[in-house]
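In: sequence below, structure please.
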Amino acid sequence: MRDSRGEKLFYSLNAIILSLFALSCILPMVHLLALSFSNQDAIVSGLVSLWPVGFTAVAYDKLVNGTQIVKALGNSIQITLVGTFLNLLFTLLCAYPLSRGYMYGRRFFTLAIVFTMLF
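Out: Below is the predicted model of the structure:
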């Protein structure tokens with residue numbers, strides 16, 4: 001089935017409006033990225049827009065070497081991996097017995113788990 005002229009117009013306007021919304025979200029991030037890779041003098045004088053001026057990675061060098069962000073990132077990764085493993089393990093240990101129809105108190109434990117998930 002072919003699109004009518006009104007549908008083509010609607011699709012075109014939708015694409016234009018959504019593209020403008022997407023650009024309004026992406027361009028500020030590109031500008032910040034350009035600022036982070038630009039020379040300090042170019043930033044202060046206002047020469048940076050969407051492309052870095054006087055390319056340098058000094059800001060990232062100071063971030064990695066001057067702070068404890070690498071240690072914090074390692075902690076976050078470790079907590080995520082250990083937490084995911086433990087959550088999967090305890091979910092498995094709890095879910096398998098609850099899936100068996102002959103488990104005593106199955107309804108109570110299932111309702112207790114659902115209640116704590118909701119609140």
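
In: for residue 35, give me its contacts.
Out: Contacts for residue 35 (Cβ atoms under 8 Å, 6 or more residues apart in numbering) come out as 43, 48, 52. Bear in mind the C-beta positions are built from the backbone N, C-alpha and C, glycine included.

In: can you point out the buried residues in the helix or strand where residue 114 lies?
Out: Following DSSP states H and E, the helix or strand that holds residue 114 is helix 106-118. For helix 106-118, the neighbour count (16 or more other Cβ atoms under 10 Å) marks no residue as buried.

In: which other helices and strands does it contact?
Out: Applying 3 or more Cβ pairs under 8 Å, 6 or more residues apart in numbering; DSSP states H and E, we find helix 106-118 packed against helix 69-99.

In: output the lowest mean pLDDT helix or strand found in this structure.
Out: Lowest mean confidence among the helices and strands of the chain (mean pLDDT, DSSP states H and E): helix 58-66, at a mean of 88.

In: can you show me the CA trace of that helix as CSV?
Out: Extracted C-alpha coordinates of helix 58-66, given in CSV (Å, rounded to 0.1, in the frame of the first residue of the first chain):
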residue,chain,number,x,y,z
VAL,A,58,46.1,17.2,29.9
ALA,A,59,42.7,17.2,31.6
TYR,A,60,42.5,13.4,31.4
ASP,A,61,46.1,13.0,32.5
LYS,A,62,45.3,15.1,35.6
LEU,A,63,42.1,13.1,36.2
VAL,A,64,43.8,9.7,36.1
ASN,A,65,47.0,10.7,37.9
GLY,A,66,45.9,13.4,40.2
